[in-house]
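**Student:** For reference, the sequence and a predicted model appear below.
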Amino acid sequence: MIVVATNLTYFLAWGFLDPRNNYVGRRPPLSEDQIVQLLQPRNLSDTVSLLERWWSWFSGIIFRWDWGVSPVGQSVNDQVAYRMWVSAELVLGATILATVLGIALGVYTASRQYKLADRIGQATSIITMNINIVVAALGIVLLAIGFNNMVGTTVFFVTGSASSDVTGFFPIIIDALQHLILPTVALVIIGYAGTHFLQRSLLLDNINADYVRTARAKGLTKAQAIRKHALRTSLIPVATQVAFTIPTVFMGAILTESIFGWNGMGRYFLETIAKNDIHGTVAIAAFGAVLTAIGALLADIAVVVLDPRVRVS
Amino acid sequence: MTNPLLSVRDLKVSFPSETGTVDAVRGISFDLKAGRTLGIVGESGSGKSVTSLAIMGLLDENVRISGSITFDGQELLGKSDKQLSAIRGNGLAMIFQDPLSSLTPVFSIGDQLIEALTVHRKLSKRAAWARAVELLETVGLPNPERRMKSFPHEFSGGMRQRVVIAIAMANKPKLIIADEPTTALDVTIQAQILDLIAKAQSETGAAVIMITHDMGVVAKTADDVLVMYAGKAVEKAPVHELFHRTRMPYSIGLLGAIPRVDKAEKQPLVPVKGNPPLLINLPDACPFASRCPIAIDACHAREPDLVDVGNEKMGEHHAACIRSHEITDGGLIDGRRVFPLPDVAERALAGVPREDRPVTLEVRNMTKTFPLMKGAFLKRKLGEVHAIRGISFDIREGETMAIVGESGCGKTTTLLQIMDLVEQVDGDILIGGTSVADVRGGHAERTLRRDIQIVFQDPMGALDPRMTVADIIAEPLRAIGTKKAESETRVDELMDLVGLDPSHSNRFPSAFSGGQRQRIGIARALATNPKVVVLDEPVSALDVSIQAGVINLLDELKAKLGLSYLFVAHDLSVVRHIADRVAVMYLGAFVEQGSVDEIFEDPQHPYTQALLSAIPIPDPDIERTRERIVLTGDLASATDHIGGCSFASRCQLFKVLPPEDQARCLGEVPPLTGPENHRNACHFR
Amino acid sequence: MPRNSIQPAVGPETTAIRLPRKRMSKWELYSRRFRRNRPAVAGLVIFAVLVLFAVVAPLLARYDHIELDFLNLGEPPSGEHWLGTTSAGNDTFAQVAIGLQRSLMIAVAVSVGTTVISAVVGTAAAYFSGMFERLTLLLIHFLMVVPTFLLLAMFSNDSGGDWRTISLIMILIGWFFPARVIWTMALSLREREYVHAARYMGVPGMKIVLRHMLPNIGSLLVINFTLGVVAAVMIETGLSFLGFGVKIPDVSLGSLIGSGANTITSAPWLFYFPAAALTLLTVSMALVADGLRDAFDPTSAAGGRA
């Protein structure tokens, strides 16, 4: 599936992107020959037939794990290898935070259904979930700038993932946190609410389940019965969903990364399209497909761990 | 006189709903002494389950409860959840209706049982484990040590209910509330579970409240009976008194509406007309008056109290009817029946002998196997489930053939094979003489389908909630291309035929009660004038008083229209009442087949015998004195390869056979043998 | 206000208290339950106001959204330019109105398209089962692996910023996810007895899909549609923000926010107003969807939330 999708993207990319465009408008204008000479060694020249280009690209991956180069000769492998971790730093932390926050809020509000805390929680979540990430991120940028001005020093960095001139173990960590905090907050704000709602409604479904009543009939208080019996059962679909959203979050970080100037996969995605970097684009597509597969696998693992019904059969 | 263990006084429960406050329980009082069993009977919505949940303190927080519930000297109402939780599961225990959903799926049986023990007392891990194993052994689970680590989904319904009972028994409660504990179970399993509850009661000395809609279960288990209707107790008496000196018309109607498995004569059942009232803003009148055949003006003036109508001889007997003193034993008033017997429709084909009537449906050697698959991504075939193993039968015009059996025996699969017109490998299905193998193309199929129609079990699920009744009934007509005007007259005609008001044809199904919806389903099935109507448990989802009306209707239609029915049911009493011929199915094969009286009067196959003996008869005298056969174990799996008789593992006869005969049971599949009107598949009968 | 519960916390079969059925029509009941949900009503009102604004404001505005006022470059809000101007002299008020209009049009078109396609494909796959179902699911799963946002960006980048093309692409790429959800829902519908009944009467398959299956997931479709609008707005603004979506001279909320972001410290009004319009739009639609869900759900106890 992944292989098919990746190859399809390769052909689609050739349909929509043309590396030749990069040289249009160069001064002095490059001749046709010059362009071909630049592109041909990079397997990006349309003077070679598409099938041949595809084969040398595809065989490169299969035999040498070489995903090709960009129109200016950068190795796609290097780019992805570096940027992947930049993105992961941002996305994984944000996903974990959003999940924990969402589950906690879901449990808290579900056990106080229709009380004030529940309604405030619900209202907040429905708003944050539907704020566009762009608006949320830019809003946070404005607040941070305001805060920095007020304090008179740069507490939060609004661009980049790290400063280049910091040395020492603790300074590097602090510097990283200063950069990390704003985009993470932006991602958490829009990300937690989905988990919150899912956890809340699943838990509410389970609160009225027969087995929770059995547990109460045994002598557990309502709160104990919910905590012990309803929560465990309702965690299963939540875990599945979180695992499935990982690739979505990765790709959703495109906007966050571009706003906060992080050189992650999202940024890379924008650059490859803007620069007609076909090999880069396809690599990102493959990366996304792999993530989806990993997400599905994680979901399966989560279900197996949490649900004895699956474990046994 | 000792103090009662449980004393309920003027209990009222109401909760808000979209259309107003529902008064689910409207003032119930009763006492229960230690060791006694109180049966609470009533139909759905009578408030019997709400009463039990109120005693347990398990109702929602938004429910208003008033009155008093004293248990073991303590007032329960007004206690906090925390205070109540010290009593629940300790002095008070409950067994729920649906064993499939009442155990937490993600915890092992052992964990759930140990939790019930440790929540009330400090026990070492080892002691708790030992006690849990002991409990599982008491409730009759084989291999209790090993079963402790199993999860609920690995158990059958009956097994799970045993675990629920073990949990209820864990702390030697003084009172066990059983809320329809056997409704979701098959009849042979029901007998096991009822015995087990009796055992639990004798071992713990507990009082039991048995909540049920089944008069047979009451007759079997209860010492005292409380009949509930519209949130109130309408009659309260010791069990013999209630069954033999019934004084309240509703109770009389309820008893009269039940088909009896032990009665051969085919008199029509006596339905109670109408539906129970909505429990919102009830007027101050007898709630049963609108359905009562002996209601007088005074009944509508005010709601009657529950008054003592007993005598010195039999003790207390309370009834809520102003005419109860006029009613005499046997449900008579002024020497006539309170509920007059309905007329029996004359059978058009009564005089024609069976052999001379045309065959409308014939099934020859039907088989069906499902592949058993495993794995989420890569499916592997593990084996085959033999759902149907070569069954044959025929139905003639004006005849009802019933297939009975427990869940999983393959009776529904049989119906689906017929309705899906599945071509058989080494057999055939003939509808009105046409083989399904000869049907090619949409037109031929539609023509054949005119002759065979189906009525489903669930009267709500079978009707599209977004279509009007007229559209629903007309749908089969439109499918065969009947013109609009023609189908409209036909719809009115059909509604009339099944006893519905044709002027209601533009309403939606949700506006009708369960019994009426089932009538709509029947009208739809009759629209195309079929020869055969397939009835899949058509009355099992209905209350007894409603069920009788539908059964009578089916009887009447058969007589009037000369229909053939293929009737599938698990309820042998209904089958005895309605069927002409019966086939008893076990694990995909018929074990006994023949005319209804032959089989019910002289059951030959051990399984049929056990099945018949397991049905509780709604008469305490008969029920408590008759001999019964209680089967051990569950229905075996249809995947197991069986080289011999499939029933041998549970068979009571097998156990007493000499070893050489047992070897024959295990090694040789018994064929169906005997005369045409009574055949059985047992080597030794 | 008492907290209402439609059903008591008791078992389903034996104790379903006979509630009065059908005293009012279904739609009356739905609308009553919806109206009792105050946030949902507020959402509906806000949405209506936004639509009205998008339709009426361009007529009221003193400036056209592409017209440049060279006397007022990058001015904050004033009597002349109600919401200020851009550095090029565009009137922000007119731009926001047109941008909102454009975003709305795309969102509604996309949501209608995806809902219709996903509903038909999803239910048909569920009903016909067998080969058709397997092929459809294969296609859906395949599309799920393909990073659609990337395709979207590539396609729409190539489309030259015409909103109709963008909508079409978004439909083509957006239908499969809801289709899978609907397929799951329709699976249980397929086993309903009235569907069996129709088949046993000899009603043709497609007719069963249209007459019995689709109407019975109608409420789900309505909710899907509203949520689809939110999702489409989100995606469209994201695309336009990155410069892949609607392109100059056409504007959408996304492209406005995008250009506003560049001057966020010097001319924050360029960010504030489109951002506010966008947030109001999505949040109000989400509230409406939430209210609809509660109103349609027979088991929801949220009726008495307000």
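**Tutor:** Looks like it came in fine.
**Student:** So for stretch B:540-552, what gets flagged as buried?
**Tutor:** By neighbour count on 16 or more other CB atoms under 10 Å in any protein chain shown, the buried set for stretch B:540-552 is B:541, B:542, B:543, B:544, B:545, B:546, B:547, B:548, B:549, B:550, B:551, B:552. Where you see a C-beta, it was placed from the backbone N, CA and C, and this is true even at glycine.
**Student:** And that stretch, how far out from the chain middle?
**Tutor:** 11 Å (CA atoms, centre = their mean, to the nearest Å).
**Student:** again with stretch A:105-113
**Tutor:** 27 Å.
**Student:** how far away is residue C:244 from chain A?
**Tutor:** Remark: distance between residue C:244 and chain A (CB to the nearest CB, to the nearest Å) = 8 Å.
**Student:** same question, residue B:61
**Tutor:** 9 Å.
**Student:** Just the element for that residue, please.
**Tutor:** According to DSSP states H and E, residue B:61 maps onto no helix or strand at all.
**Student:** Report how many residues lie close to it.
**Tutor:** 10 (other CB atoms under 10 Å in any protein chain shown).
**Student:** residues from the stretch 201-306 of chain C in reach of chain A?
**Tutor:** Neighbours of chain A within the stretch 201-306 of chain C, by CB under 8 Å from any CB of the partner chain: C:230, C:233-234, C:237-238, C:241-242, C:244, C:254, C:257-258, C:260-261, C:264-265, C:268, C:271, C:275, C:278-279, C:282-283, C:285-287, C:290, C:301-302, C:304-305.
**Student:** try 7 Å
**Tutor:** C:230, C:234, C:237-238, C:241-242, C:257, C:261, C:264-265, C:268, C:271, C:275, C:278-279, C:282-283, C:286-287, C:290, C:305 (CB under 7 Å from any CB of the partner chain).
**Student:** Stretch B:443-458 close to chain C?
**Tutor:** Yes: shown here: stretch B:443-458 in contact with chain C (CB under 7 Å from any CB) through B:445, B:446, B:449, B:454, B:456, B:458.
**Student:** doesn't the second one fall inside a strand?
**Tutor:** No: the assignment for residue B:446 is helix, going by DSSP: H, G, I helix; E, B strand; the rest coil, so no strand is present there.
**Student:** gap between it and residue B:522?
**Tutor:** 21 Å (CB to CB, to the nearest Å).
**Student:** Look at the two and report which has more neighbours.
**Tutor:** Neighbour count, other CB under 10 Å: between residue B:446 and residue B:522, residue B:522 has more, with 25 against 19.
**Student:** looking at this, that one is in a strand?
**Tutor:** No: using three-state DSSP, the secondary structure at residue B:522 is helix, not a strand.
**Student:** ok, it - contacts?
**Tutor:** Counting by CB atoms under 7 Å, 6 or more residues apart in numbering or on different chains, residue B:522 touches B:455, B:498, B:553.
**Student:** Sketch out the low-pLDDT regions of the chain for me.
**Tutor:** Went with chain A since none was named. A:25-27, A:250-252, A:310-313 (pLDDT under 70).
**Student:** please go with chain B instead
**Tutor:** B:1-2, B:265-266, B:312-315, B:345-350, B:373-382, B:635-642.
**Student:** Next, find the distance separating whichever residue of it sits closest to chain A from chain C.
**Tutor:** As assessed by CB to the nearest CB, chain A sits closest to residue B:89 within chain B, at 3.2 Å. The gap separating residue B:89 from chain C is 18 Å, by CB to the nearest CB.
**Student:** Was I right to think that residue contacts residue A:217?
**Tutor:** Yes: the pair residue B:89 and residue A:217 passes the contact test of CB atoms under 7 Å, sitting 6.0 Å apart.
**Student:** Please work out how many residues are found near residue C:71.
**Tutor:** Neighbours of residue C:71 using other CB under 10 Å come to 9.
**Student:** buried stuff in the helix or strand containing residue A:9?
**Tutor:** Residue A:9 is located in helix A:2-16, with elements delineated by DSSP H and E. Using 16+ other CB under 10 Å as the test for burial, helix A:2-16 gives A:5, A:6, A:7, A:9, A:10, A:12, A:13, A:14, A:16.
**Student:** likewise stretch B:170-188?
**Tutor:** B:170-171, B:173-188.
**Student:** Quick one: the strands in the stretch 51-200 of chain C, in order.
**Tutor:** In the stretch 51-200 of chain C, no strands are defined using DSSP state E, counting those that start in this stretch.
**Student:** In contact with the residue of it found nearest chain A, which residues?
**Tutor:** Per CB to the nearest CB, residue C:147 is where the stretch 51-200 of chain C lies closest to chain A, at 3.4 Å. For residue C:147, the contacting residues are A:251, A:284, A:285, A:288, A:289, by CB under 7 Å, 6+ apart.
**Student:** Same check on residue B:171?
**Tutor:** Residue B:171 neighbours (CB under 7 Å, 6+ apart): B:89, B:90, B:120.
**Student:** Surely the second one forms part of a strand?
**Tutor:** No: secondary structure of residue B:90 (three-state DSSP): coil, not part of a strand.
**Student:** Thanks a lot, see you next time.
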